[in-house]
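>>> Need coordinates for the below:
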Amino acid sequence: MPAHQHLDINSVSFILAIPFFLLIILYGIAVIKSNQSYRQWPWYYTACWISGNVLCLLAVAGPLAEASHQFFSVHMVAHLLLGMIGPLFMVLAKPVTLLLRSLPIKTARKVTTTLKKRPFHLLLNPLFTTVLNIGGLWLLYRTELFTLMHHSMLLYIVIHAHIFLAGYFFTASIIYIDKLHQGYSFQFRAIILILALAGHQILAKSFYGYPPSSVEKMEAEKGSMIMYYGGDVVDLVIIIIFCYQWFKVTKPKRYQPHSV
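Numbers count the residues shown, from 1 in each chain. The predicted structure is shown next:
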C-alpha cells in the first residue's frame, strides 16, 4: 500500500494516543476518590481498564500502527484491537459506575439524571449502535473512504475515533455492565447481536472476492481471515457474557421450604 505514505504518521499517532493516556490517568484518579468514600474498588476492574487502553494504544501508536499503513493484514489486527478487544475490556471495567462513585452525591445525581435522557438512551440502543459499528465498517471498506483516509490526517483521526467509539457503545449496548437504566430485553439484544455478527462476518468474507480499494488481493485475503476468525473469538466472549447474564436473570430460584 505505497500510496498510504502521505500522512505524517508520528503526528497522527501522537494525537490518537493522547486520549487513551488521559483515560488511564482519569480512571486512576477516580479510583482514589472512590476509595476515600466507599470500599476498595476491585483491582480487576482497573486491570481491565488499563488493558483495554493499552490495546487501543498499540493499535494507534508504535510499530503495529506504523505497519498498518503498509499492510492491510496488520491494519486488520489494529482494527480488532481498537474496535473490538480494547472496547470490550473497557466496558468490563465499569467506568460509569466508578465515575458516579467518585463524585459528590449531588453531582452524581445530576450526572445520573443527564445519562437517563433520550440522547444517551440512543447510545445504548443496540440497533442504533449496530448501524454505527457494522454500518460504519461497510462504508469504510466498501467505498473509497479507506483510501482517502490515508491521505487526510483529519479523516484518519475521525475514522479511528469512530471505530473505537462505535465498538465501545455497541459492546455496552449488548452486555449491560454499567446498569444505567432498565434497557432493552435479552430477546431484542440477542436478535440484534446475531444480525451484527452476520454483517461483520459477511463483510470479512467479501474481501476475498472484492478487496477494498488500493488493497492487493493477497493482503485482502490475509486481512479477511484475521477479521473473520479474530472477530469470532471476541464475539464468542461477548456471547458467553451475554448468555451468562441472561441465565442469571431467568434461572429459577431454589425452593426453600418454610420453617414450621
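>>> Which parts of the chain are helices?
Using DSSP state H, the helices assigned to the chain run over residues 9-37, 43-60, 63-68, 72-80, 86-92, 95-102, 105-115, 118-122, 126-130, 136-141, 145-148, 153-174, 186-209, 217-250.
>>> Output the fifth one as CSV, nothing but the C-alphas.
This points to helix 86-92. Coordinates of the C-alpha atoms in helix 86-92 are reproduced here as CSV (Å, rounded to 0.1, in the frame of the first residue of the first chain):
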residue,chain,number,x,y,z
GLY,A,86,-9.9,-2.9,23.7
PRO,A,87,-13.5,-1.6,24.0
LEU,A,88,-14.6,-5.0,25.5
PHE,A,89,-12.0,-4.7,28.3
MET,A,90,-13.0,-1.1,28.9
VAL,A,91,-16.7,-1.9,29.1
LEU,A,92,-16.0,-4.6,31.6
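>>> from the chain's centre, how far out does stretch 41-49 sit?
Put simply, stretch 41-49 sits 17 Å off its chain's centre (Cα atoms, centre = their mean, to the nearest Å).
>>> mean confidence score for it?
On average, the pLDDT along stretch 41-49 is 96.
>>> Residues contacting that stretch, please?
23-24, 27-28, 31, 34-35, 89-90, 92-95, 98, 101 (Cβ atoms under 8 Å, 6 or more residues apart in numbering). From N, CA and C alone the C-beta is placed, and that goes for glycine too.
>>> of the residues you listed, buried ones?
Among the contacts of stretch 41-49, those that count as buried by neighbour count (16 or more other Cβ atoms under 10 Å) are 23-24, 27, 31, 34, 89-90, 92-95, 98, 101.
>>> Next, the contact list for Lys217, please.
Contacts of Lys217 (Cβ under 8 Å, 6+ apart): Pro211.
>>> Could you report the distance from it to Leu137?
Distance of Lys217 to Leu137, computed by Cβ to Cβ, to the nearest Å: 20 Å.
>>> Same check on Asp232?
The spacing between Asp232 and Leu137, counted by Cβ to Cβ, is 15 Å.
>>> Neighbour count for these two, which is higher?
When Asp232 and Leu137 are compared for neighbours, Leu137 comes out ahead with 21 against 13, by other Cβ atoms under 10 Å.
>>> so of the helices of the chain, which one's packed in deepest?
Highest mean neighbour count of the helices of the chain: helix 86-92, a mean of 24 (counted as mean count of other Cβ atoms under 10 Å).
>>> list the contacts for Pro119?
Taking Cβ under 8 Å, 6+ apart as the definition, Pro119 has no contacts.
>>> swap in Pro212?
Counting by Cβ under 8 Å, 6+ apart, the residues that Pro212 touches are 72, 141-142, 146-147, 220.
>>> Need the per-residue pLDDT for the nearest residue to Leu127 once chain neighbours are set aside.
Counting by Cβ to Cβ, 6 or more residues apart in numbering, Ile192 is the residue found nearest to Leu127 once chain neighbours are left out, at 5.7 Å. pLDDT recorded at Ile192 is 96.
>>> my guess is Ile192 meets Ile174, correct?
Yes - using Cβ atoms under 8 Å, Ile192 makes contact with Ile174 at a distance of 7.4 Å.
>>> any common contacting residues for the two?
Pro126.
>>> Taking the contacts of Pro212, tell me the two that lie furthest apart.
Distance extremes for the contacts of Pro212: the farthest pair is Phe72 and Arg142 at 14.1 Å, using Cβ to Cβ.
>>> burial count for the closest residue to Ala17 other than its chain neighbours?
Leaving aside its sequence neighbours, Ala17 sits nearest to Ala61 (Cβ to Cβ, 6+ apart; 4.2 Å). Look at Ala61: counted by other Cβ under 10 Å, it has 21 neighbours.
>>> distance of Ala61 from Ser224?
25 Å.
>>> do the same with Ile177
In terms of Cβ to Cβ, Ile177 sits 31 Å off from Ser224.
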